[in-house]
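Novice: predicted model and sequence below, questions to follow.
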Amino acid sequence: MITLKSEYISKERLVIDLTGPEGNAFYLLGQARSLAKQLDYSQEETDTLLDKMKESDYDNLLKVFDEHFGDYIVLLK
């Protein structure tokens, strides 16, 4: 889930504040790798995911991250 800080109320999921240092693309790629490992993605699935995250711009990276991990992580803009 990607949402604005001012609209986020629930504390059910982990939160990444995109306006701070955690919003850095390299940090998000590292988190994606870690989460994929925790969710038992194969090495091939993880590599494909990271490649897909890196194939375009920052908005694409966020979209792909959210598609895969939005049930566990809230991205705050």
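Specialist: Structure's in. What do you need?

Novice: wait, what's in contact with the most centrally placed residue in the chain?
Specialist: For the chain, the residue nearest the mean C-alpha position is F65 (3.6 Å; C-alpha atoms, centre = their mean). Residues in contact with F65 (C-beta atoms under 8 Å, 6 or more residues apart in numbering) are L28, Q31, A32, M53, I73, L75. Every residue, glycine included, has its C-beta placed from N, CA and C.

Novice: quick check, pLDDT for it.
Specialist: Per-residue pLDDT puts F65 at 98.

Novice: before we move on, what SS does it have?
Specialist: helix (DSSP: H, G, I helix; E, B strand; the rest coil).

Novice: if we can go back for a sec, in TSV: the contacts of F65, plus secondary structure and neighbour count.
Specialist: Listed next are the contacts of F65 as TSV, based on DSSP: H, G, I helix; E, B strand; the rest coil; neighbours: other C-beta atoms under 10 Å:
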residue	secondary structure	neighbour count
L28	helix	22
Q31	helix	16
A32	helix	22
M53	helix	22
I73	strand	19
L75	strand	20
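
Novice: nearest to I2, of these?
Specialist: The shortest approach to I2 among these belongs to L75, at 4.5 Å (C-beta to C-beta).

Novice: R33 versus the closest one, what's the distance?
Specialist: Here the criterion is C-beta to C-beta, to the nearest Å. By it, L75 lies 16 Å from R33.

Novice: noted, bye for now.
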